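S.K.: the sequence isn't on hand, but the structure is:
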């Protein structure tokens, strides 16, 4: 069963993004100089050169102002999922989607490092960051679940989708935190690819996600002395071999060799 993936929201206009980032810059400046608790929304708006009501048209609270780009990054991640090529494994698609978050941070390393330091010091900002992470996990969980055959795991599909989505996000965040602790120095893209390779080895070999475009998972059948095997073009060799062994160990053939 393919579950619908929510259509992507529209990205912010350039003018709206400009105002949001100006407010975010003002908030970061004031949090760093006055402290988070001592800073008011009125001060943030005044420093940004806008009215208080303008602030609340863009953000619901002062802690939300520290993360001005997540809404649009989520839209870009949704776009990646919606435009995934038919042959791509869904885990690879999700890895490409979360890369939009890394691109956001890498676009302004100095700002990202400053934001990271603030979130470590202020519990309210850490909670806001956790809430942002949860939005990506929910998006990727919905997408992965939409790729499942409804009969693939006896009702465990939601659990498998959530665990796989969380693994991708956790791998990304592990690499991101290490990069931020190094003040934004180093080849973060190479480190991210290495982390995703680990996730792929863990999840892509499991025949739990139907290949996009309707291609079947690995399957095999026997007729007389002939063994016929059908596999996705992206199926790992280990998965193919396990399927062949199971087929050879069918009725009247004895147990498969280890």
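M.R.: All right, it came through fine. Computed from a prediction, not measured in an experiment: that's the story for all the values here. Numbers count the residues shown, from 1 in each chain.

S.K.: once you drop chain neighbours, what's closest to residue 143?
M.R.: Excluding the flanking residues, the one nearest residue 143 by C-beta to C-beta, 6 or more residues apart in numbering is residue 81, at 4.8 Å. Using the backbone N, CA and C atoms, a C-beta is placed for each residue, glycine as well.

S.K.: ok so residue 39 is a strand residue?
M.R.: No. Using DSSP: H, G, I helix; E, B strand; the rest coil, the assignment for residue 39 is coil, not a strand.

S.K.: excluding sequence neighbours, find me the nearest residue to it.
M.R.: With C-beta to C-beta, 6+ apart, the residue lying closest to residue 39 is residue 30, at 4.3 Å.

S.K.: in three-state terms, label that neighbour for me.
M.R.: Look at residue 30: counting by three-state DSSP, its state is helix.

S.K.: now the helices: where do they sit in the chain?
M.R.: Counting by DSSP state H, the segments of the chain that form helices are 14-34, 41-48, 52-58, 70-82, 90-106, 109-121, 123-146, 157-181, 188-203, 237-248.

S.K.: out of those helices, deepest packed?
M.R.: Mean neighbour count (mean count of other C-beta atoms under 10 Å) peaks for helix 90-106 among these, with a mean of 21.

S.K.: between that one and helix 123-146, how big is the angle?
M.R.: Counting by axes from the mean of the first three to the mean of the last three C-alpha atoms, to 10 degrees, helix 90-106 lies at 150 degrees to helix 123-146.

S.K.: helices and strands around helix 90-106, which ones?
M.R.: Applying 3 or more C-beta pairs under 8 Å, 6 or more residues apart in numbering; DSSP states H and E, we find helix 90-106 packed against helix 70-82, helix 123-146, helix 157-181, helix 188-203.

S.K.: what is the distance between the longest one and the centre of its chain?
M.R.: Relative to the centre of its chain, helix 157-181 is centred 7 Å away, using C-alpha atoms, centre = their mean, to the nearest Å.

S.K.: now do it and helix 188-203, the angle between them.
M.R.: Interaxial angle of helix 157-181 relative to helix 188-203 (the same axes, to 10 degrees): 160 degrees.

S.K.: and what of the second one?
M.R.: For helix 123-146 against helix 188-203, the angle between stretch directions is 50 degrees (the same axes, to 10 degrees).

S.K.: other residues contacting helix 123-146?
M.R.: Contacts to helix 123-146, defined as C-beta atoms under 8 Å, 6 or more residues apart in numbering, come from residues 2-6, 36, 63-64, 66-67, 70, 74, 77-78, 81, 90-91, 93-94, 97-98, 101, 118-120, 157-158, 160-162, 164-166, 168-169, 173, 209.
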